[in-house]
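> Sharing a model that was predicted from the sequence below.
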Amino acid sequence: MNYERTELPGNDLRGKKIIITGALGYVGSFISQSLLELGVEIVGIDKESDLTQYNQRENPNEDFHFCELDLSDSYNLDKAFSTILENFRQIDGLINLAAHQQIIRNENSISTLDDFPI
């Protein structure tokens with residue numbers, strides 16, 4: 001099945017700056033690539049630094065800026081966002097795809113939100 005990309009009037013994203021958390025994950029890498037093709041400048045944040053997932057080593061793109069950061073580290077989070085704002089002056093959007101992967105194996109109870117540290 002072939003899909004044709006259609007541009008919506010008034011939604012030109014060229015030159016916009018967007019932060020994507022979880023940028024090297026499965027969904028984040030596809031969204032990053034799609035936005036780069038539309039002319040968006042990406043600040044990709046991920047706690048993993050394996051850029052081969054994103055194919056940056058083979059196909060580097062000067063509009064993709066990577067920041068290795070664990071978003072649960074509030075001190076480094078503040079420092080990183082200060083640096084991002086210093087360098088880019090303005091951020092036009094944020095797409096949050098960051099996830100904390102944890103498997104809880106407890107056959108005797110149902111997991112609740114209290115079971116996941118934040």
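Right, received. Where do you want to start? Just so you know, these numbers come straight off a predicted model, no measurement behind them.
> Just the terminal-to-terminal distance for stretch 11-19.
Chord length of stretch 11-19, first to last residue, is 18 Å (C-alpha to C-alpha, to the nearest Å).
> which residues sit against that stretch?
Stretch 11-19 is contacted from outside by 35, 38-43, 45, 84, 88, 90-95, using C-beta atoms under 8 Å, 6 or more residues apart in numbering. In short, each C-beta sits where N, CA and C put it, glycine included.
> neighbour-wise, which of these leads?
Neighbour counts for those, by other C-beta atoms under 10 Å, peak at Ile45, which reaches 27 neighbours.
> and that one, bridged to which residues?
As for beta bridges, Ile45 partners with Thr21, Cys67 under DSSP bridges.
> can you tell me which residues contact it?
19-23, 66-69, 71, 80, 98.
> Rounded mean pLDDT for stretch 62-70, please.
Stretch 62-70 comes out with an average pLDDT of 86.
> In it, which residues are buried?
Buried residues in stretch 62-70, counted by 16 or more other C-beta atoms under 10 Å: 64-67, 69.
> swap in stretch 70-90?
Within stretch 70-90, the residues scored as buried using 16+ other C-beta under 10 Å are 71, 80-81, 84.
> can you list these in JSON lines and add secondary structure and distance to Ser29?
Listed next are the buried residues of stretch 70-90 as JSON lines, based on DSSP: H, G, I helix; E, B strand; the rest coil; distance: C-beta to C-beta, whole Å:
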{"residue": "Leu71", "secondary structure": "coil", "distance to Ser29": "17"}
{"residue": "Ala80", "secondary structure": "helix", "distance to Ser29": "20"}
{"residue": "Phe81", "secondary structure": "helix", "distance to Ser29": "22"}
{"residue": "Ile84", "secondary structure": "helix", "distance to Ser29": "20"}
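> No further queries at this time; thank you.
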